[in-house]
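J.: can you look at this prediction? I've put the sequence above it.
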Amino acid sequence: MKKVIKISLLLFLTACNNQGFKVEYEGMLRDMMVNGNISKNAELNDYKNIEHFYALGALENLKGEIQIFNGKPTITSVINNNLVIDTTFNQNANLLVYSSVKDWETIMVPNNVKNYEQFETYIESSANSFGIDTQKPFPFLLEGSVDSLQWHVIDWKEGDTVHTHEKHKNAGLKGTLTNTKIEALGFYSKSHHAIFTHHSTNMHVHSKTLDEKIAGHVDDIVLGEKMILKLPKVK
C-alpha cells in the first residue's frame with residue numbers, strides 16, 4: 001500500500017505542476033552532515049515503475065552513488081577498492097533527488113562556457129529563457145565530450161560519525177576523466193542548500209560514461225566543445 005501511495009502521489013504532483021514536472025527529495029544533506037544520519041530514507045524499488053524517472057543521490061550508509069537516467073539505474077559502489085555497477089533498483093537511498101520528465105528542450109552550450117561556475121550561471125540564464133521558474137528546483141541533462149571531469153564514489157567508513165564535504169569526496173574511489181563522452185544529470189536550486197546542494201553551489205550533478213564503466217558524483221568539470229544541455233520542456 002505504501003508503494004502504491006508513493007507512486008500515485010508523485011504522478012499526481014507531476015501532472016498538477018503547472019510546469020509539467022516537479023522535483024522531490026528524500027533525506028537531507030543537513031541531517032547527514034550535522035546529525036550523522038546515513039540510514040535509509042527511500043527504497044529505490046518504490047520508484048521503478050515511474051515513467052521518465054531521473055534521480056541521483058547516495059546509497060544507504062553512504063556506500064555508493066545513485067544515478068538513474070530515464071528509468072535506467074547505474075548504481076555505483078566500491079568493493080575491494082574496485083568500482084562495481086548495479087543496474088537494478090534493489091538498493092536503498094540515504095539521499096534521493098528525483099523528477100519525472102518526458103520532454104526536454106535541447107540547447108548547444110556555447111564553447112566559451114567552460115568551468116563549473118560558468119556552467120552554473122549558464123544553466124540559470126537558459127532556464128529563464130525557456131520559461132522555467134528558477135525560484136524552484138529543476139533537473140537538467142548534459143551530454144557530450146568533456147575536457148575533464150573529476151568524480152568520486154563514496155565508500156564511507158563504518159563508525160565514522162564526523163562528516164565534512166572534503167571527507168565525503170575522499171572516502172571511496174575518485175578519478176579524473178579527460179576527453180571523454182559522458183551523460184550527466186543535475187538538479188539546480190537556489191533554495192535547497194544543505195538539503196540536496198552544498199552551500200557553495202546551486203547544483204548537484206552526477207554523471208556516467210557512455211560505456212557505463214564509470215559513474216558517480218561530479219566534483220568539478222571543464223566542458224568540451226559542442227556539448228548539449230537539456231532542460232525540461234515547460235507545458
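T.: Nice, I can see it.

J.: what residues are up against Asn195?
T.: Just so we're on the same page, residue 195 is Ile rather than Asn. 25, 28-30 (C-beta atoms under 8 Å, 6 or more residues apart in numbering). Where you see a C-beta, it was placed from the backbone N, CA and C, and this is true even at glycine.

J.: and these as JSON lines, adding distance to Leu231?
T.: Shown next, in JSON lines, are the contacts of Ile195 (distance: C-beta to C-beta, whole Å):
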{"residue": "Tyr25", "distance to Leu231": "19"}
{"residue": "Met28", "distance to Leu231": "25"}
{"residue": "Leu29", "distance to Leu231": "24"}
{"residue": "Arg30", "distance to Leu231": "27"}
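
J.: just the buried ones from those residues, in ChimeraX syntax?
T.: The buried subset of those, as determined by 16 or more other C-beta atoms under 10 Å, is captured in ChimeraX by this line:
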select :25,28,29
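
J.: ok, the contacts of Ile195 vs Lys136, which is closest?
T.: Tyr25 (12.8 Å; C-beta to C-beta).

J.: three-state assignment of that closest one?
T.: Taking DSSP: H, G, I helix; E, B strand; the rest coil as the rule, one finds Tyr25 in the strand state.

J.: tell me who's in contact with it.
T.: Tyr25 neighbours (C-beta under 8 Å, 6+ apart): 95-98, 192, 195-196.

J.: may I see the buried residues of stretch 112-125?
T.: Neighbour-count burial for stretch 112-125 [16+ other C-beta under 10 Å]: 113-114, 116, 119-120, 122-124.

J.: in helices only, show me those residues.
T.: Among the buried residues of stretch 112-125, the ones falling in helices (DSSP state H) are 116, 119-120, 122-124.

J.: I'd assumed Gly144 was in contact with Lys230.
T.: No. Under the criterion of C-beta atoms under 8 Å, Lys230 is not in contact with Gly144, lying 10.9 Å apart.

J.: picking that back up, which of the contacts of Ile195 lies closest to Phe140?
T.: Nearest member of the contacts of Ile195 to Phe140, counting by C-beta to C-beta, is Tyr25, at 15.8 Å.

J.: and the closest one, how close does it get to Gln91?
T.: Using C-beta to C-beta, to the nearest Å, one obtains 17 Å as the distance from Tyr25 to Gln91.

J.: of all the contacts of Ile195, which comes closest to Gln67?
T.: Checking the contacts of Ile195 one by one against Gln67 (C-beta to C-beta), the nearest turns out to be Tyr25, at 15.4 Å.

J.: can you pull up the bridge partners for the closest one?
T.: For Tyr25, the beta-bridge partners are Val97 (DSSP bridges).

J.: so which helix or strand takes in the spatially most central residue of the chain?
T.: Centroid-nearest residue in the chain: Leu56, 3.5 Å away (criterion: C-alpha atoms, centre = their mean). According to DSSP states H and E, Leu56 maps onto strand 53-59.
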